[in-house]
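Asks: Model the following, please.
(chains A, B, C and D, ligands or ions: 6)
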Amino acid sequence: MKKDVFTYIIGGKAGQGTKKAGIVAANFFTDLKREVFQMNHYPSLIRGGHNFSVVSTSTSKIFSHYMKADLVVVLDQRSYNLHKNHVAKNGIMVFNSDKAKGKGISIPISSEAKKYKNSDLIEGVAGIAVLAVMVGVFKKKLDEIIKKEYGRNVKDNIKFAHTIYDAANEKIVNKIILKKGDKKFANLSGSEAIGLGAAATGLDLYFGYPMTPSTPVLHFFAGNGKKLGIVVVQPENEIAVANMAIGASFTGARSMVGTSGGGFCLMQEAFSLAGMVEAPVLFYIGQRPGPSTGVPTYTEQGELLFSLNPGQGEFPRIVASPGSIEEAFYLTAELLNLVWRFQTPAILLSEKHLGESSMSATINPSKTKWAVPVMHKGGQYKRYLDTKDGVSPLLFPPSKMLIKWNSYEHDELGLTTEEPELIAKMHDKRLRKQESLVNYLKKMHTINRFGKGEPWIFTFGSTTMSVLEALDYGDINMTVVQPIYLKPFPIWELEGYKENNAIVVEQNSTGQLTSLLREKAGIEIKASILKYDGCPFDPIDLASRIKEVVKVEC
Amino acid sequence: MKKDVFTYIIGGKAGQGTKKAGIVAANFFTDLKREVFQMNHYPSLIRGGHNFSVVSTSTSKIFSHYMKADLVVVLDQRSYNLHKNHVAKNGIMVFNSDKAKGKGISIPISSEAKKYKNSDLIEGVAGIAVLAVMVGVFKKKLDEIIKKEYGRNVKDNIKFAHTIYDAANEKIVNKIILKKGDKKFANLSGSEAIGLGAAATGLDLYFGYPMTPSTPVLHFFAGNGKKLGIVVVQPENEIAVANMAIGASFTGARSMVGTSGGGFCLMQEAFSLAGMVEAPVLFYIGQRPGPSTGVPTYTEQGELLFSLNPGQGEFPRIVASPGSIEEAFYLTAELLNLVWRFQTPAILLSEKHLGESSMSATINPSKTKWAVPVMHKGGQYKRYLDTKDGVSPLLFPPSKMLIKWNSYEHDELGLTTEEPELIAKMHDKRLRKQESLVNYLKKMHTINRFGKGEPWIFTFGSTTMSVLEALDYGDINMTVVQPIYLKPFPIWELEGYKENNAIVVEQNSTGQLTSLLREKAGIEIKASILKYDGCPFDPIDLASRIKEVVKVEC
Amino acid sequence: MSADLSTDAEITWCPGCGNFGILNAFKKVVKKLEDKGVDRDKLVISGGIGCHGKIIDYVGLSGLYSIHGRSMATVQGIKLGNPNLKVLAFAGDGDAFGEGIAHMIFAAKRNADITVVVHDNGTYALTTGQFSPTSNKGFKGPSLPQGNIEEPLNPLGLLLEAGASFVARGYSGKIDHLSDIIVQAVLHEGFSVVDVLQPCVVFNNTYKLYNEITEIISKPAENFEEAVMLVKEFRDRMPIGVFYKVNKPVFHREFYGDWNPVVDKVSRNERLKLIEDFV
Amino acid sequence: MSADLSTDAEITWCPGCGNFGILNAFKKVVKKLEDKGVDRDKLVISGGIGCHGKIIDYVGLSGLYSIHGRSMATVQGIKLGNPNLKVLAFAGDGDAFGEGIAHMIFAAKRNADITVVVHDNGTYALTTGQFSPTSNKGFKGPSLPQGNIEEPLNPLGLLLEAGASFVARGYSGKIDHLSDIIVQAVLHEGFSVVDVLQPCVVFNNTYKLYNEITEIISKPAENFEEAVMLVKEFRDRMPIGVFYKVNKPVFHREFYGDWNPVVDKVSRNERLKLIEDFV
Ligand SMILES: Cc1ncc(C[n+]2csc(CCOP(=O)(O)OP(=O)(O)O)c2C)c(N)n1
Ligand SMILES: Cc1ncc(C[n+]2csc(CCOP(=O)(O)OP(=O)(O)O)c2C)c(N)n1
Ligand code: SF4
Ligand code: SF4
Ligand SMILES: [Mg+2]
Ligand SMILES: [Mg+2]
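Replies: Numbering: from 1, shown residues only, chains lettered A, B, ... in the order given. Ligands and ions are numbered 1, 2, ... in the order given. Next up is the predicted model:
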């Protein structure tokens, strides 16, 4: 069993600063050169309800939060009730005795907070003070942390923190000394990784209309785009988003859009347009539980199949999903490069669990490519020149040459055609581009394999992190196979697997990856472990489900 | 080889009445109690360009037009050039010598027409006059036809027709006497069949925004809805179309929408909404070559995969495609019934070739069902009652009970939930509905089989008609298997087929049915015959391609 | 339906949110309508997605909790399906004037007999406060931290131009007045819109401003031009009340008069006969 | 680019179609613009789907033949990508005022520096003549054979309300006048729309009517209110010309001043450094 994991949960109402407290805790662990994984759970509301943040930390690689915590701090009764079973053996529950009754250590957090203005917002600070006590941090260090992390009302915050610190110090006995790790990592959210990956490859414009859980990428660029030279536009709706992005790509601007499933529905016509005019645009989809509005702030992987054939008609489509926050960085970069290499739209498929969690990551930006297309070399320009690999050179305005992109079927110049032979020929050109794409991907890293042992576990997207942590936690030796690319599906990498036992872990109710593996790669799947209640897997639960399934089915 | 087929082609500019002439010819053959198949080819423009209509007729069942004609009448040079190779051995080419040069029988159609007003529109009548001569119809009968079919300017038309008749009579030697058949069929277009099928099952409202090739269904209801009690609404865009239809279904109104691929892109968010609120709405997609605007007035089957997983998230989806115009009637009726039985959206997937062609059909309206849902029986009403088969009884306003449909994940009453257990439970409810649907379909006719012999030919949609005619024409004995339902895919019906040789015929460039058969049903496909130039198969060509492929691959 | 129009749903608006005012006003509306003979079971509601949309969970009336920007299309469908029902769509400013603006304009143009109540808080609140179509220039939100660079729309002016036959503005801080307006809107036969000034205490707290500048007008404008002028005032003085009200042909009646698709449905037998005639 | 701006595409408009007038006017526009120093290679066009959209095939300029209702969004993207380009979108009435109305309103609201030329024939011509947003009441088309039951939109009024900074109407039968207007529209910095009266000889032949009632106005309205009145006249007298023109902050400049995303791109090295700083 994995040693040295320390988990901290802070729960309360939205607006009480639980997420902020989680971030502060994560930064604190990071300063200890430990690795962290932070997951934020929140309902779809602005104030009230129940939010919580879980931070798990370890001196070695950690891929998931745990739902058994060494320290739980809850600010109200609802949080108490929800988390009372999340206290680990030897763990501690600290609750706000003004707003909750229960077992554990009681501190009158609210009555202390009330002495200050913004009494509600201040309560999250109590969580940090309690954490400081628990892990043996001195008040001076606590003051520093508060100064650094809470910009406003520093004095009040410190005074309040001290009161809570003293109260907790009296009551907490089982203190824990956290071992220091040996490397200071960056603490990165999935959304930041995506933004940075696109920036590294040369993104020029990001278009987005707010939609959870893709919004943090929009906000990332809004906050950081300026110095990177990236323009962020929030138009009137998703249709405008996608069509503007295509327009921008016509000028040679690297453009990207972000949305969730519902917004992507509205972009499909433009997705098909991109396929036809051969516009290089990257579409980011952050998944949440569906159908329809579903559960906007939760996580799911219910849109794998939905994302494989969007837009009417036949054209090369690329879909890939990152298995970790680091991979989110590299994969975003690679996809932006690919859309320019092959002039066809691609989907970066991810989930709330990746986009809105953060973890320790090492990123080497110089490992990315700068998206550079095949450019016209001279002579008469034909936008849809029928080349061997199907990829026609690009040229951008202003130019003395005619550059015509066309949503109708067209000839090489881009003029509309209704000639049967030409229609077939242009289908063939796009098909060849599809083949070239497959050949290109064959030379790339399209599947991750982790560990050794049988049977194999297939998974994808952010669930990969849950699986890796579960195996680590449960001391399970199995090979984890994660297709990064879902379209074209890298069957060439999977040919060896056919004879074997395999199970699948994924977060949806119909087993979409399971179908894909069976249908595309002919892999016999013994069992699928599914979760579709909107919450990510807990590695402890998942470890035991894996053991169980392997025992019974394999 | 099939006997007794007579084929007539009339070609000219859009606006010259070639399609009308085709219809008149078809009606004439129908009056002879012969069977007919009429295909109309036209570019995306209103006047000019090149239109043609082909009518093939036989005394026995006929499933396709032929592109070798016994009589070709062309009104201009472009038509002449395009059709000069479409003249059968012993066939006749008649051309308008005012506008074309070539071999065959020349008649100065335009200079004769110029003597009348609407000189352009009148020229199509010449085609009928020539046909009359060719098949030995007397002038008196011709007059009757013109009176019946051409409402306006009857006198001029008759006078003009006589002049042409006389000119042709002089020159045409190989006249043909058409044998009479023994049953007078209705002459029905695919779009009419769809409209009638929906009407028979109880359709109340049809919502549509014009888009070729789905528009004829809109026009059908606009022209015939009133007496049937069917309301036709053309809103501002496809998003309104789909959302209004869902709103209407809330009142218990049977509603349906129609569009093509590009418009359906815009409806996907509503499709998912229908999945979540469990709204019974039927979506008709008329396919044309894509991607994007593509070739609006031509035919293709490039959107099979696109139509299988539309809309974000997981919910039961139904997709089916009719293999003949008769089947279009029954299947539309059955799908409207199914969406009400299972409260989930369905897609009627078809193509321009079905929607805009017409053929002899026998229809028995009383064989359809009247769409009646499971209704609430009394007691407290729960919109999303968690029943054994997943189907919750319906109730319509006005009612003293609360009826709440909800796009968010919800409890049984329809109130929003963010509770993990309830989220999972509601996924399970919808999954059970999916199972119930499959069980229901297992008792239904989900696959057509025609003929005997090996290897088997798989096909779907309107291509079924081309295949049947090709086998008939080529005297080929093979079993044709046409999955009517594409989702849920009737693998239970296909289990026996696994060991065998099989080929696929479909109209797209990537072999989408081929993939589906391989992936879903594990059927080994030896070869696929694909066509993707926007034109339907010609049975003569197809017969030889089939023979060739079977020889080489099977 | 519970007598007090409540449901079991927990209310998750922020304390002090202007949406409470709208909820309370609406409950009064239902009772006032009942006094005027409109049964509550004939009143069907819909809403978009956003803070505003939650009202659908909180009001004990039948309806369809729709998607972002579409509740106006949803209720048009409901009305066309069964014109005996009175339909009312709640919408946010992002919902009605952003994602769904086309439906608003065309509902007004065709004078669909629906009522739209817009919870106009000048922000996309539920998605954490981005600028919306009615945000002021300079409004700072997370997608444009340097401040909104666009002028706000004048949605009521737009809808008047589009042909709206009933245009009003209310304020969630004046509940009785607001409920009066909504009652009139529902009773009006044709397209009616009530733009409700709704302070969002977290992202756009306008209570103070609106308490100062709102001014109840006593009667609608005399004519269209005057109404256009009235709706334009939203800086120093913010008139609230019914600005414009006119009788015009109503969509579903122009379409099929008094006929009702679900009530007056043509029988199966009759239809089968007609179909047989056709083929 | 061919000197006479032609292409190899066959023109498939009906003989006598008003679109010819627009095509001819536009060719003049390009030449006039060149005289004023706007190079034709800096002029990029887009179009929607419909009879009007075919103009994209017929004009020898670079551009993107977009989809139904989106050419206004397309050109906004082009402009944002490279603001050195002048962009012009052709659109049909179905395109601009139906499917794409939201893009029009918001392009006007944000004063995006684009020009939209609407081929307004009051019908969905290419799909065989259904009623469109600007069809008159009573207009008979195949989807409503009994006649349109809605009043036509007043699109220019709507766009004025939305904030359009340049609003004009032209007539395809008055080619020189039309080309003058379009030149002004293109040279105007900000959102400009030219609603072109375009007879469709097959489905809505308005030549006679327009020849009678169109009247060239000599100068724009003095103010907004006057402009609103002017655009409303479209029954007995149909004024054509530039109705309104005002200088307002332009979207891309408010956003990033004189900076240009593709020209002034931050280098790879600089970006990598910034990213390293971030992580
Ligand atoms: C198609 C689509 N795009 C985006 C979203 C995300 N979303 C949810 S609510 C909302 C906007 C809320 O703004 P508003 O309508 O003004 O409502 P408020 O929350 O302010 O009441 C958005 C953009 C969505 N649900 N669907
Ligand atoms: C999303 C979508 N819906 C429908 C269509 C079908 N369609 C093609 S052109 C057109 C309308 C044409 O009307 P308008 O824009 O006025 O152009 P016109 O032909 O009159 O010039 C329509 C509805 C389409 N191409 N895309
Ligand atoms: S965020 Fe604003 S609109 Fe939403 S509930 Fe809170 S105060 Fe109300
Ligand atoms: S149908 Fe009308 S708009 Fe289209 S080309 Fe013909 S005349 Fe012009
Ligand atoms: Mg809002
Ligand atoms: Mg038009």
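Asks: got the contact list for residue 124?
Replies: Since you didn't name a chain, this refers to chain A. A:Ile10, A:Gly12, A:Gln16, A:Gly17, A:Thr18, A:Lys20, A:Ala21, A:Leu75 (C-beta atoms under 8 Å, 6 or more residues apart in numbering or on different chains). C-beta: built from backbone N, CA, C; applies to glycine.
Asks: To clarify, I was referring to chain C.
Replies: A:Pro210, C:Gly50, C:Gly92, C:Gly94, C:Gly98, C:Gln130, C:Phe131, C:Ser132, C:Gly141.
Asks: So which residues make contact with the longest helix seen in chain A?
Replies: Secondary structure assigned by DSSP state H gives helix A:420-442 as the longest helix of chain A. Contacts with helix A:420-442, where a contact means C-beta under 8 Å, 6+ apart, come from A:275, A:314-316, A:318, A:338, A:341-344, A:384, A:386-392, A:409-411, A:417, A:485, A:488, A:490, A:492, B:289, B:295, B:298, B:509-510, B:532-535.
Asks: Pull the distance from the helix or strand that it is followed by to the chain's centre.
Replies: Under the assignment DSSP states H and E, the closest C-terminal helix or strand after helix A:420-442 is strand A:447-450. Relative to its chain's centre, strand A:447-450 lies at 18 Å (C-alpha atoms, centre = their mean, to the nearest Å).
Asks: how close does A:Ala25 get to A:Val54?
Replies: 10 Å (C-beta to C-beta, to the nearest Å).
Asks: Now for these two: what residues contact both?
Replies: Counting by C-beta under 8 Å, 6+ apart, the contacts common to A:Ala25 and A:Val54 are A:Tyr8, A:Gln38.
Asks: What does the pLDDT read for A:Gly197?
Replies: At A:Gly197, the predicted lDDT confidence score is 98.
Asks: does A:Pro213 really touch A:Thr297, like I thought?
Replies: Yes: in this structure, A:Pro213 is within contact of A:Thr297 by C-beta atoms under 8 Å, at 7.1 Å.
Asks: just the buried members of the contacts of helix A:420-442?
Replies: A:275, A:314-316, A:318, A:338, A:341-344, A:384, A:387, A:390-392, A:409-411, A:417, A:485, A:488, A:490, B:289, B:295, B:298, B:509-510, B:532-535 (16 or more other C-beta atoms under 10 Å in any protein chain shown).
Asks: if you look at these, which of them are in helices?
Replies: Within the buried ones among the contacts of helix A:420-442, residues falling in helices by DSSP H are A:Gly275, A:Leu338, A:Arg341, A:Phe342.
Asks: Pick out whichever of those residues sits closest to D:Cys17.
Replies: Comparing these against D:Cys17 with C-beta to C-beta picks out A:Gly275 as the nearest, at 31.2 Å.
Asks: Quick check: neighbours shared by A:Pro213 and A:Thr297?
Replies: Common neighbours of A:Pro213 and A:Thr297, counting by C-beta under 8 Å, 6+ apart, are A:Arg288, A:Lys352.
Asks: so what's the residue of the stretch 101-250 of chain A found nearest chain C up against?
Replies: Using C-beta to the nearest C-beta, A:Pro210 is the residue of the stretch 101-250 of chain A that sits closest to chain C, at 3.9 Å. Taking C-beta under 8 Å, 6+ apart, we find A:Pro210 in contact with A:Leu218, A:Gln234, C:Tyr124, C:Thr127, C:Thr128, C:Gln130, C:Ser143.
Asks: sorry, back to before: export the contacts of C:Tyr124 as a markdown table, with columns for pLDDT.
Replies: A markdown table is the format used below for the contacts of C:Tyr124 (pLDDT from 0 to 100):
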| residue | pLDDT |
| --- | --- |
| A:Pro210 | 98 |
| C:Gly50 | 98 |
| C:Gly92 | 98 |
| C:Gly94 | 98 |
| C:Gly98 | 98 |
| C:Gln130 | 98 |
| C:Phe131 | 98 |
| C:Ser132 | 98 |
| C:Gly141 | 97 |
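Asks: ok, which stretches of chain C are strands?
Replies: Taking DSSP state E as the test, the strands found in chain C are C:43-47, C:63-65, C:86-92, C:115-120, C:123-124, C:130-131, C:166-171, C:192-197, C:214-216, C:238-245.
Asks: among these, which is nearest A:Met134?
Replies: Here strand C:130-131 is closest among the strands of chain C (C-beta to C-beta), at 37.7 Å.
Asks: Can you tell me the SS state at A:Leu266?
Replies: Using DSSP: H, G, I helix; E, B strand; the rest coil, the three-state assignment for A:Leu266 comes out as helix.
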